[in-house]
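Colleague: fold the following and give me the result.
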Amino acid sequence: MRTQRSVHAQRVSTLFMPTAACKSCPPWRVTWFTSVSWAPLVAIGSLGSSEIETADTTTTPRLVSCGCDRHIKIWTLVGDTWSANPVVLDGHDEWVRDVAWAPGIGLSCSTIASCSQDGTVLIWTQQTEGSSAAREDASAWVCTTLRKFTEPVWRVSWSLTGNMLAVSSAESKVTLWKEGIDGTWTQIGDLEGSSGTN
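Modeller: Alright, predicted model coming up:
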């Protein structure tokens, strides 16, 4: 018997098909999507709360995707159909290489990290107190630049608690970042890559 998540995944497989030519993509590319990440199925703001979730919570399945069209897109499952018009977030100037939705631990906002060929790492936050219609508004997402690297950035990955971010780039290192109580991000460590010698 298929699980609910596997059914959603099969529906998404028909969603990620090219619908228009991507001018910045090589002609041999079948699709321009480079990464996808599930939103956590945890009610935002539920930390320390014993209230029963209503139908209008952030437990509605959502996905974030990115690609060489420079866009970040947020898809929502409405009934049995994925949104035909995803929320589009713009902030990068080149291919968006990776996106990662921060794990939900019941805090008051949704957080997405994105990284790009242009060397930027962006943090997108959305206060999700309100209706599902409000969550479909792109202007509700606030963008903060974590850092502008000198080389392309390949991957972003959250810690299990969602308060630290690991970033890998073509600078041959992984940098670790943590958000302060004032909302600023500080590098707290790094992992140096191999020099390529045996």
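
Colleague: got a list of what residue 141 touches?
Modeller: For residue 141, the contacting residues are 87, 89, 112, 124, 125, 126, by Cβ atoms under 8 Å, 6 or more residues apart in numbering. C-beta coordinates here come from the backbone N, C-alpha and C atoms, glycine included.

Colleague: got a pLDDT number for the last one?
Modeller: For residue 126, the pLDDT comes out at 88.

Colleague: helices or strands next to the helix or strand harbouring it in the packing?
Modeller: Take DSSP states H and E as the rule and residue 126 turns out to sit in strand 120-127. Secondary-structure packing of strand 120-127 (3 or more Cβ pairs under 8 Å, 6 or more residues apart in numbering; DSSP states H and E): strand 109-116, strand 141-148, strand 153-158, strand 164-169.

Colleague: pipe the contacts of residue 141 into TSV and attach neighbour count per row.
Modeller: TSV is the format used below for these (neighbours: other Cβ atoms under 10 Å):
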residue	neighbour count
87	20
89	22
112	24
124	22
125	18
126	23
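
Colleague: could you point out which element follows the helix or strand bottoming out on mean pLDDT in the chain?
Modeller: Within the chain, no helix or strand scores below helix 4-15, which has a mean of 46 by mean pLDDT, DSSP states H and E. Scanning the chain past helix 4-15 towards its C-terminal end, the next helix or strand to appear is strand 33-38 (assignment: DSSP H and E).
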